[in-house]
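Asks: The following block contains a protein sequence and its predicted model.
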Amino acid sequence: MGPRVSAAIQPRLRTRAALALATATALAGCEHDLDPREASLVEVIVAADEPLLRARPELVEGKYRRMAAGLYDYYRGSFPVFLYDASRSESGLAATSYDAHVYPFSSGDAHPENFGTMRATDGSFAIEPNDFDGADRYPWLWELRRLAVGMVLAGRVSNPEREDLRASVRAAERSYALAAARGYALELARLHRGEAPERLEDDRGNTHFEDMFSRSRRDASSRRELAERTELLDGRRRLVRGAVDPDDPESVYADLPAFVLEALPDCLERYRASLHGAPTPAYFALKDAAREYGSGVASYARVRVVLLVEGPSAEPDDDVMLELKELADSGAVVVAPQGVHTDSVQERIQLARSLLWARSDAEPLWGTSELFGLPVQIKGEFDAYKTLRTSRMVDERGTPESLEALGVELGALLARMHAGSEARWPGTVRALAELSADVDAFAAEQAEVAIAYADLVEADHARFRRALERLGPRLGLRADPSDAPPPELAALYGSPP
Amino acid sequence: MKTTTTSLAAAFAVAVLTLARGASAQAEQASPVAEPGGERSAADAERRANLDAAALKSDGRASFPLLGADDGLQIEPHVSVITQYVFSLREEAGEADWFHEFELPRAFAWVDARYEEAEARVLLEGVRSASEGALIGVAGDSLVLRLREAWASYTAWGVLETRVGLVPTMSVGPIEAMWGMRPIHPTGLERTGLASPADLGGTVRAILPRRYGWVGVAGYNGEGYARRELNRGKNIELAANLHPLAGVRGAEPLTAFASYVSGSSGTGLGRADRLNAALGWQGDRIRGGVTATYALGVAGAPETESLVLEAFLRVMPLERLVLGADLLHWHRDLSAGDDTTLTVSGAAGYFIADPIAAFVAVAGQLFGDAARDSLPGQDDLRIRLIGTASF
């Protein structure tokens, strides 16, 4: 535009030019300001969460905040990215000289924080997998790698207050990635020889297990959950409302809508029918229920309800807390054999219970039900159940030796879980044992891949944070008022306080 | 790159309009490939080639008008069904694992409405309500109906066709017409997930004179017809389907196709560009060809380059007997030398009556090491008995 263009015309032309540029941009999509890996992360995560992002965006925003806040939480929340990378050649996660085509039914997401203590019918505690959200048939090697990468990342976030110790742990990370793979292969060889699977019911001199078992026994006797998250009013116990964890302000109990409260007794009856050797209906008489917010990472946006039921007697001191959690599909389709392997989500959980635990009553209150059409899982909510936490990997639990010992045990436990499929898919143990028979070479490959992929996860965490900054708290998914759920459903989903 | 593409698109649209004006006097010609209802315009014939019911057999459409006469409103209902029994075999845990089931790969029901140069279509397809591997769907995992196409079109001067709505994209249909055996499987372009057969948007096509084919430009959301739009980028597709020897007697069925899609996917606006080229023979008794697709940005990985090469042949050695073979090579990631799959399929079919046919098809797959590692659970061998009907 030259000087002959009048001042009055120039703004109009600029406006037109801007509109033309915007139109061209919109048509051709030249806003590629994310780096390619960032764009991949965003696309995979949004695709996995899209229904939730549309229907309950505030809850998904909370999940993404949690993933952004910590490396390990990012790893927990990015299981779809792990599966995506396992199904492609770019990241190197799927590179192997071993046959990945054996598909035991397993938890799928066997990172260290998905193991914990639970108490069987006879009162004995044991360490078992405690998250079946993604349970399905998976390539065996990918799940072992999920564990090994988790071990490496756990070491990298250990000892947050002691940089020197964390550095020594990091320098030794290959040893505990190796340990997890060796533990897995050696346990498979043992099982293949016909020796019996073992239940992890003592600490075996492992500092992590010792910590978990001792705290489990302490809190089992004190019933700490009743002391801290319920209150007695006129001789009747009810759940508290508001913040329930002083260390986590997002962890909140809130009132449930009346129509949900009314539906819970029927939901509990269906749940009772899913249990082996279930207590009487009176045991599950509902005394109170509250919407729980702020729990978990991957399942942060799912509906959770804490239930307070009568328990063994009418006395308020033996009331029992249960946790109801909405379930979804496993997400295994990306890497799993074609087809479905159970008839329903609930059956998928029940199959996991029977194949993955050393005994099917490892947690006798772990069952399934349905609430307003949503498949749900209900299990005991006891403070005595201790999940393995990376946050407790400090000092003597944050040494290279302790992590190596933990790797051996968790690798062996994963092998036992995979061997559970022998009952349904005969030949599984033999195939896995033969594939991992050259223990040293096998473990070396898994350790190399685990460390390389852990580096990628660490870089991805930074990318994820950048993507959130650039695209906003919903990773760029545009809000559409027509996506809003109907009022009743919105009330069930809830809105975090 | 993208701005250049937009400029090209604008220039292409101008060229299309110019061509269209020049060609208007010669619009009422039949397609080089005999199409049912061939008395209608070439634009109409080319449109029909995009819906493979007609491409299945060169003279086998059986529909009827519900309303109207030749010069008035016409409404035609159609159905197309492909059903199959599948026996599949794969190696798992070092042992052969097999499965068999009945499937419904296609159930189409559609209505075409025409009034003078205006036309509309609503096409429903049956799909499983839960995606593969999922357990949560509508009423279990029922087969449900969804919209596959819903568009309105107007053909100006008999040669410039504009469609808006949920429209067929421009690359899948022409290649599928060359193959001519849709009951056996879709084109490699569709099987690899590199293109969606329909999307929300609009297409403008100019029908070239003297049966030379068409050229077109289109704009779509870009996420395909099964997903919502996730970003501000719109896919631009430029395509040309030409019969370069249309003026040479006996060589009319020679077909050359080329298209370019400048696309994006996901909220992160990952690149998803496609370049397609195909050369084929689209005759009554013999159809076949070769296609190549270069993709930049695959399955959410914006920098991944992928290449699909496909060769296919369909012959009708005897009346009602059809034989077909297809070879599909997919290099999933060009930066990894062994991330490849090779799918070989063969089929024989018989038309029991014009709209009804039965096929037996066999397909086997070979994998490069990287693809085998990262594509678990793929069938090594599939044997199918297929029944199809199109009215």
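Replies: Okay, I see it. Numbering: from 1, shown residues only, chains lettered A, B, ... in the order given.

Asks: Those residues of the stretch 301-450 of chain A touching chain B, which are they?
Replies: Contacts of the stretch 301-450 of chain A with chain B, taken as C-beta under 8 Å from any C-beta of the partner chain, map to A:328-330, A:332-333, A:335-340, A:342-345, A:348, A:375, A:425, A:427-428, A:430-432, A:434. (Glycine included, C-beta is placed from N, CA and C.)

Asks: Any of those residues buried? List them.
Replies: Among these, those classed as buried by 16 or more other C-beta atoms under 10 Å in any protein chain shown are A:328-330, A:332-333, A:335-337, A:340, A:342, A:344-345, A:348, A:375, A:425, A:428, A:430-432, A:434.

Asks: Of those, which belong to helices?
Replies: Counting by DSSP state H, these place A:345, A:348, A:428, A:430, A:431, A:432, A:434 in helices.

Asks: Give me the nearest residue to the second one, chain neighbours excluded.
Replies: Excluding the flanking residues, the one nearest residue A:348 by C-beta to C-beta, 6 or more residues apart in numbering or on different chains is residue A:342, at 4.4 Å.

Asks: Figure out the helix or strand that whatever residue of the stretch 101-250 of chain B ends up closest to chain A lives in.
Replies: Nearest to chain A in the stretch 101-250 of chain B, going by C-beta to the nearest C-beta, is residue B:233, at a distance of 1.8 Å. Using DSSP states H and E, residue B:233 falls within no helix or strand.

Asks: likewise the one 5 residues further on?
Replies: Element membership of residue B:238 [criterion: DSSP H and E] is strand B:235-242.

Asks: sorry, back to before: now the phi/psi pair for the residue of the stretch 101-250 of chain B closest to chain A, please.
Replies: phi -70, psi 140 (degrees, to the nearest 10).

Asks: Go ahead and confirm it touches residue B:266.
Replies: No - assessed by C-beta atoms under 8 Å, residue B:233 is found out of contact with residue B:266, at 9.7 Å.

Asks: What pLDDT is listed against residue 273?
Replies: With no chain named, the answer covers chain A. Reading off the confidence values, residue A:273 has pLDDT 96.

Asks: ah, no, chain B please
Replies: pLDDT, residue B:273: 96.

Asks: Next up, the contacts around it.
Replies: B:260, B:261, B:262, B:263, B:295, B:296, B:297 (C-beta atoms under 8 Å, 6 or more residues apart in numbering or on different chains).

Asks: Distance-wise, check residue B:228 relative to residue B:102.
Replies: According to C-beta to C-beta, to the nearest Å, residue B:228 stands 32 Å off from residue B:102.

Asks: who has more neighbours, the two?
Replies: More crowded of residue B:228 and residue B:102, by other C-beta atoms under 10 Å in any protein chain shown: residue B:228, with 13 against 9.

Asks: quick one: low-confidence ranges for chain B?
Replies: Across chain B, the ranges flagged by pLDDT under 70 are B:1-71, B:93, B:132-135, B:377.

Asks: would you list every one of the helices in it?
Replies: B:2-23, B:42-50, B:52-55, B:172-179, B:188-191, B:369-374.

Asks: the helices in the stretch 151-300 of chain A, which residues?
Replies: Taking DSSP state H, counting those that start in this stretch, the helices of the stretch 151-300 of chain A run over residues A:163-171, A:173-192, A:207-222, A:224-229, A:258-273.

Asks: Just give me how far the last one sits from the chain centre.
Replies: I take that to be helix A:258-273. From the chain centre to the centre of helix A:258-273 is a distance of 25 Å (C-alpha atoms, centre = their mean, to the nearest Å).

Asks: Settle this for me: residue B:167 is touching residue B:221, isn't it.
Replies: No - taking contacts as C-beta under 8 Å, residue B:167 lies outside contact range of residue B:221: 10.9 Å.

Asks: now the strands: where do they sit in chain A?
Replies: Shown for chain A, the strands assigned by DSSP state E span residues A:105-106, A:115-119, A:125-129, A:136-137, A:230-233, A:236-239, A:242-243, A:252-254, A:286-293, A:304-309, A:320-326, A:367-371, A:374-380.

Asks: re earlier: which of residue B:167 and residue B:221 has more neighbours?
Replies: Just comparing residue B:167 and residue B:221: by other C-beta under 10 Å the higher neighbour count belongs to residue B:167, 23 against 20.

Asks: who touches stretch B:247-260?
Replies: Here stretch B:247-260 makes contact (C-beta under 8 Å, 6+ apart) with B:32-33, B:170-171, B:174-175, B:178, B:210-211, B:213, B:237-246, B:273-283, B:289, B:291.

Asks: Kindly report the domain assignment for chain A.
Replies: For chain A, the domain assignment from automatic domain parsing gives the residue ranges A:1-31, A:36-493.

Asks: Quick check: which of these is buried the most?
Replies: With neighbours defined as mean count of other C-beta atoms under 10 Å in any protein chain shown, the domains of chain A peak in mean count at domain A:36-493, which reaches a mean of 20.

Asks: gap between the residue lying closest to residue A:458 once chain neighbours are set aside and residue A:340?
Replies: Leaving aside its sequence neighbours, residue A:458 sits nearest to residue A:71 (C-beta to C-beta, 6+ apart; 6.2 Å). Note on residue A:71: its distance to residue A:340, by C-beta to C-beta, is 34 Å.

Asks: Then residue A:233?
Replies: 47 Å.

Asks: cool, residue B:185 as well?
Replies: Distance, residue B:185 to residue A:340, using C-beta to C-beta: 22 Å.

Asks: surely residue A:124 meets residue A:202?
Replies: No - if you go by C-beta under 8 Å, residue A:124 and residue A:202 don't touch, sitting 9.7 Å apart.

Asks: which ones are touching residue B:90?
Replies: Contacts of residue B:90 by C-beta under 8 Å, 6+ apart are A:337, B:96, B:97, B:98, B:377, B:378, B:379, B:380, B:381.

Asks: Retrieve the pLDDT associated with the closest residue to residue A:299 other than its chain neighbours.
Replies: Ranked by C-beta to C-beta, 6+ apart and with sequence neighbours excluded, the top spatial neighbour of residue A:299 is residue A:133, at 5.8 Å. The model reports residue A:133 with a pLDDT of 95.

Asks: Does residue A:133 touch residue A:327 like I think?
Replies: Yes - Residue A:133 lies in contact with residue A:327 (C-beta under 8 Å); the separation is 6.8 Å.

Asks: Please identify every residue contacting each of the two.
Replies: Common neighbours of residue A:133 and residue A:327 (C-beta under 8 Å, 6+ apart) do not exist.
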